[in-house]
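A.B. asks: From the sequence below, what's the structure:
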Amino acid sequence: MPAERRQRVRRMLRHGKYKPSGRSKPASEFLLQAALFGSFPRVNGPVDVNNMISLESGLPGSIFDADLSGRHLLMRRGAAGESYVFNPSGQSIDLEDLLLVCRRAADGWEPIGNPVKDSMATKIKPETRDVVAVLYAPADEPDDSVERWASEFALRLAAHCAAAATGFCVGFNS
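C.D. replies: So this is what the prediction gives:
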């Protein structure tokens, strides 16, 4: 992972109270450590593709069950007091000032993912058939780089997960 990209990803996350270090560092850095120590996590096809793209690109990613997340997502910063459970043992992550992906909910927008840990509410399961993926790229990441990694993500989902259809869009204005 290029050191300059790692620094830019951390800068993208550094906001208000949120500091991307220790247990709060981007998922792409956790994956790199796991790969270096021979314990790269294997979960299931879509999650494995997400993890490989994140590891190779240095850009953290999220992948959601589209039936649970919906396809209309919002990106924003976390508010004070927001959190969600991110693993089966019930651990939660404080979301204040963290960059978030949210799904539409009855009373507004509910956080479901971020560049560090994703919510249990929308995680991929064995019965998942449709997914939505997000790559978190700094605003100064060249468009051609983001397009290349998004395209590679779609191609790998098709090749390794027998995806019937894939596609991607690049860009988000906050």
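A.B. asks: Disregarding flanking residues, what is the spatial nearest neighbour of the residue nearest in space to the middle of the chain?
C.D. replies: Closest residue to the average C-alpha location of the chain: Ser62 at 2.3 Å, with Cα atoms, centre = their mean. Leaving aside its sequence neighbours, Ser62 sits nearest to Gly113 (Cβ to Cβ, 6 or more residues apart in numbering; 3.8 Å). All C-beta atoms are positioned from the backbone trio N, CA, C, and that covers glycine.
A.B. asks: Need the phi and psi values for the one you found.
C.D. replies: phi -160, psi 160 (degrees, to the nearest 10).
A.B. asks: show me what contacts it?
C.D. replies: Ser62, Phe64, Leu100, Val101, Ser119, Thr122, Val134 (Cβ atoms under 8 Å, 6 or more residues apart in numbering).
A.B. asks: and with 7 Å instead?
C.D. replies: By Cβ atoms under 7 Å, 6 or more residues apart in numbering, the contact list for Gly113 reads Ser62, Phe64, Val101, Ser119, Val134.
A.B. asks: And for Gly58?
C.D. replies: Met1, Pro2, Arg5, Arg6, Val9, Ser28.
A.B. asks: If any of these are buried, give me the ChimeraX selection for them.
C.D. replies: In ChimeraX, a selection of the buried entries from the contacts of Gly58 looks like this (16 or more other Cβ atoms under 10 Å):
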select :1,5,6,9,28
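A.B. asks: from the contacts of Gly58, which two are the most distant?
C.D. replies: Farthest pair in those (Cβ to Cβ) is Pro2 and Ser28. Separation: 11.3 Å.
A.B. asks: List the contacts of the lowest-mean-pLDDT helix or strand in the chain.
C.D. replies: Ranking every helix and strand in the chain by mean pLDDT, DSSP states H and E puts helix 27-36 at the bottom, with a mean of 76. By Cβ under 7 Å, 6+ apart, the residues outside helix 27-36 that reach it are 1, 6, 9, 40-41, 51, 54-55, 58-60, 115-116.
A.B. asks: Just name the closest of the residues you listed to Gly22, please.
C.D. replies: Val116 (10.6 Å).
A.B. asks: Do you know the pLDDT at that closest one?
C.D. replies: pLDDT recorded at Val116 is 94.
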